[in-house]
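Novice: return atomic coordinates for the entry below.
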Amino acid sequence: MFETIWPIIQDFLFNYGYLSLFLSALLAASLIPLSPELLIAMMCQTHNFWSIILVATVGSYLGSVTTYAFGYWGVQKVSDKFEIINPDKFEKGLKLFEKYGAWILLFTSVPVIGDAFVFVAGAVRYDFKKFSILTIIGKFIRFVLVLVLCNMGYDITSSWF
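Specialist: Residues are numbered from 1 along each chain as shown. You can find the predicted model right below:
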């Protein structure tokens with residue numbers, strides 16, 4: 001069955017791959033449990049290395065900006081009403097942010113806890129320019145690593161990412 005739909009998937013990725021990757025990275029970084037790794041795995045052999053990294057990094061950064069905004073403009077209102085960030089994750093993220101400072105923002109791409117770092121940065125009203133620089137660097141490194149591993153033949157879609 002997979003062999004039947006594979007040409008359709010390849011055609012879609014060829015024509016809309018970067019848009020799909022951008023949306024996947026954006027949504028994954030904005031508190032929606034998605035992962036762009038599957039698309040990267042499918043695109044790594046047919047699309048430009050640096051274009052994949054650029055699109056994924058920009059999409060993921062913009063998704064983080066929405067999470068930062070949630071933290072900045074309504075920690076209690078938004079979080080309590082919609083439970084965007086689990087209170088335990090928020091407390092853990094806050095403690096790590098206090099312990100390691102802004103350098104923790106380099107790890108915003110880490111699954112599960114990374115969103116809490118972004119949310120906490122917004123909640124404590126951390127300087128947006130510094131937030132942006134550290135977040136972009138962290139996300140850029142993540143996608144370079146993911147793409148290098150993909151090109152080396154590693155299964156980047158496994159659950160450890």
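Novice: run a quick neighbour tally on residue 38.
Specialist: Close neighbours of residue 38, defined as other Cβ atoms under 10 Å, add up to 13. Just so you know, the C-beta spots here come from the backbone N, C-alpha and C atoms, and that holds for glycine as well.
Novice: typo on my end, residue 103
Specialist: Neighbours around residue 103, by other Cβ under 10 Å: 10.
Novice: I'd say residue 64 and residue 31 touch.
Specialist: No - applying Cβ atoms under 8 Å, one finds residue 64 not in contact with residue 31, separated by 9.8 Å.
Novice: out of those two, which sits in the busier spot?
Specialist: Neighbour tally, residue 64 and residue 31, criterion other Cβ under 10 Å: the higher count belongs to residue 64, 32 against 18.
Novice: which element follows the lowest-mean-pLDDT helix or strand in the chain toward the C-terminus?
Specialist: The helix or strand with the lowest mean pLDDT-type score in the chain, counting by mean pLDDT, DSSP states H and E, is helix 75-82 (a mean of 59). Scanning the chain past helix 75-82 towards its C-terminal end, the next helix or strand to appear is helix 87-100 (assignment: DSSP states H and E).
Novice: contacts only, for residue 18.
Specialist: Contacts of residue 18 were listed using Cβ atoms under 8 Å, 6 or more residues apart in numbering, and they are 47, 51, 52, 55.
Novice: top of those by neighbour count?
Specialist: Neighbour count (other Cβ under 10 Å) singles out residue 55 as the most crowded of the contacts of residue 18, with 27 neighbours.
Novice: returning to that earlier point: using pLDDT, spot the least trustworthy of the contacts of residue 18.
Specialist: Checked by pLDDT, these have residue 47 as the lowest-scoring entry (87).
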